[in-house]
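# Make a model of this:
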Amino acid sequence: MSTFPATRLRRLRQADWSRRLVQENVLTVNDLIWAVVVSDTADPTEPVAAMPGVERLGLKALADAARRAEQLGIPAMAIFPHIDPAKKDADGSEALNPEGLVPQAIKTIKDAAPNVGVICDVALDPFTTHGHDGVMKDGIILNDETVNRLTRQALIQAQAGCDVIAPSDMMDGRIGAIREALEMEGFTDTMILSYAAKYASGFYGPYREAIGSGAVLQGDKKTYQMDPANTEEALREVAMDLEEGADMVMVKPGLPYLDIVRRISETFGVPTFAFQVSGEYAMIQAAAANGWIDGDRVMMESLMAFKRAGAAGIITYFAPKAAEILT
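Okay, the predicted model is just below:
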């Protein structure tokens, strides 16, 4: 390899045109999935204090957001429900209501913006009085009982028109159970995006405020979400979920786990997505609000980091803002 002065790497950096010519990774609007919180109590919107710029959206506001996504060219929206606490119970029964908030939200998006894909979270935490992702008995999250309910939840979402079922619960065997049920019911084209490597992270706090589970959460989720110290376990999780029928896989959170994104993408060669979670979003917004960083610049830099690590796409609350810059 040649050395200085024969090689001057700054030669390629000296002009805008040459920097663009040799750019290794490109971020486009096609890489963005808009994470939105839909609510049955917002009238029509309700700000989330811990996430400046994010609002819980009523159905009318959700329709407006879907039309905005379509105009900006954002390929898909990922919806997360905030329901009236009076509808919650220990088993998350409202998740199985075919007339509930999520089926209504799916129809709202499809009616308003037919070209926007709909991704639905499959988990019970927005619907339970204890804030966990599954059925709980004597303080223990029951795996198989939870999988049964998640499978029913996924079918209800598919029947409502959801394009991508996205189980985020981290129960063992739920991908296989959901895929089998979808096939049996004729939903052969419904995709599954598995949250295959979801870590027991401290970055979820603002989201839990947004969906109303944080105040009621009993204990932590370490018995079913992954230890932040582990890498090889993530590869085992992905391998199992792909074998069971997942079409795509997710790493969550995003920026603290770019090494996991890279390893999964390189190892399996399947569409690997990253979730820029609420805590990541909130930190950027808070620092920008205090004048400590250039918010837009750091936002775009963080999104590029996911692409550089090998992510096929990014779920982010920044999607519309980033899309406006990119288009």
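# And the strands in the stretch 101-250 of the chain?
117-122, 135-137, 140-142, 164-167, 191-198, 248-252 (DSSP state E, counting those that start in this stretch).
# Find the nearest non-adjacent residue to residue 173, please.
Among residues not flanking residue 173 along the chain, residue 147 sits closest, at 5.7 Å (Cβ to Cβ, 6 or more residues apart in numbering). C-beta here means a position set from N, CA and C on the backbone, and glycine is covered the same way.
# Is that neighbour in contact with residue 179, as I believe?
No: the pair residue 147 / residue 179 is not scored as a contact, 12.0 Å apart, by Cβ atoms under 8 Å.
# that older thread, need the strands of the stretch 101-250 of the chain in CSV with mean pLDDT and distance to residue 52, can you?
Below are those laid out as CSV (pLDDT from 0 to 100; distance: least, Cβ to Cβ, whole Å):
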stretch, mean pLDDT, distance to residue 52
strand 117-122, 98, 22
strand 135-137, 95, 33
strand 140-142, 96, 32
strand 164-167, 98, 25
strand 191-198, 98, 25
strand 248-252, 98, 21
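# for the stretch 1-150 of the chain, which spans come out with low pLDDT?
For the stretch 1-150 of the chain, no stretch has pLDDT under 70.
# ok, back up a step: redo the strands of the stretch 101-250 of the chain as TSV? Include mean neighbour count.
Shown next, in TSV, are the strands of the stretch 101-250 of the chain (neighbours: other Cβ atoms under 10 Å):
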stretch	mean neighbour count
strand 117-122	24
strand 135-137	18
strand 140-142	15
strand 164-167	26
strand 191-198	26
strand 248-252	25
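# Looking at the ones you listed, which is nearest to residue 173?
Proximity to residue 173 (Cβ to Cβ) singles out strand 164-167 among the strands of the stretch 101-250 of the chain, at 10.6 Å.
# Please name the strands paired to that closest one in the sheet, noting orientation.
strand 117-122 (parallel), strand 191-198 (parallel) (DSSP bridges).
# Pull the contacting residues for residue 174.
122, 146, 147, 150, 151, 167 (Cβ atoms under 8 Å, 6 or more residues apart in numbering).
# same check, this time on residue 56
37, 38, 39, 41, 42, 45, 46, 47, 48, 82, 210.
# which SS state does the first one fall under?
Classification of residue 37 using DSSP: H, G, I helix; E, B strand; the rest coil returns strand.
# who's in contact with it?
Residue 37 touches 48, 54, 55, 56, 57, 79, 80, 81, 82, 210, 211, counting by Cβ under 8 Å, 6+ apart.
# next one: residue 206
By Cβ under 8 Å, 6+ apart, the neighbours of residue 206 are 48, 50, 51, 278, 279, 281, 282.
# Can you tell me which of the contacts of residue 37 end up in helices?
210, 211 (DSSP state H).
# Dump the contacts of residue 37 into a markdown table; add distance to residue 251 as well.
Compiled in a markdown table, the contacts of residue 37 are given as follows (distance: Cβ to Cβ, whole Å):
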| residue | distance to residue 251 |
| --- | --- |
| 48 | 23 |
| 54 | 21 |
| 55 | 26 |
| 56 | 26 |
| 57 | 26 |
| 79 | 20 |
| 80 | 18 |
| 81 | 23 |
| 82 | 24 |
| 210 | 21 |
| 211 | 20 |
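# Helix, strand or coil: sort out residue 274 for me.
strand.
# what do you get for the one 5 residues further on?
Recorded secondary structure, residue 279: helix (three-state DSSP).
# i'd like the first residue to be 41 from this point on
All right, first residue 41 from here; so that's residue 319.
# Quick check, pLDDT for the nearest residue to it once chain neighbours are set aside.
Spatial nearest neighbour of residue 319, excluding adjacent residues (Cβ to Cβ, 6+ apart): residue 243 at 3.2 Å. At residue 243, the pLDDT value in this model is 96.
# Find the nearest non-adjacent residue to residue 186, please.
Nearest one to residue 186, counting by Cβ to Cβ, 6+ apart, is residue 174 at 3.3 Å.
# The one you found: how many residues sit nearby?
28 (other Cβ atoms under 10 Å).
# Also residue 280?
The burial count for residue 280: 16, using other Cβ under 10 Å.
# quick one: it from residue 273, how far?
The gap separating residue 280 from residue 273 is 11 Å, by Cβ to Cβ, to the nearest Å.
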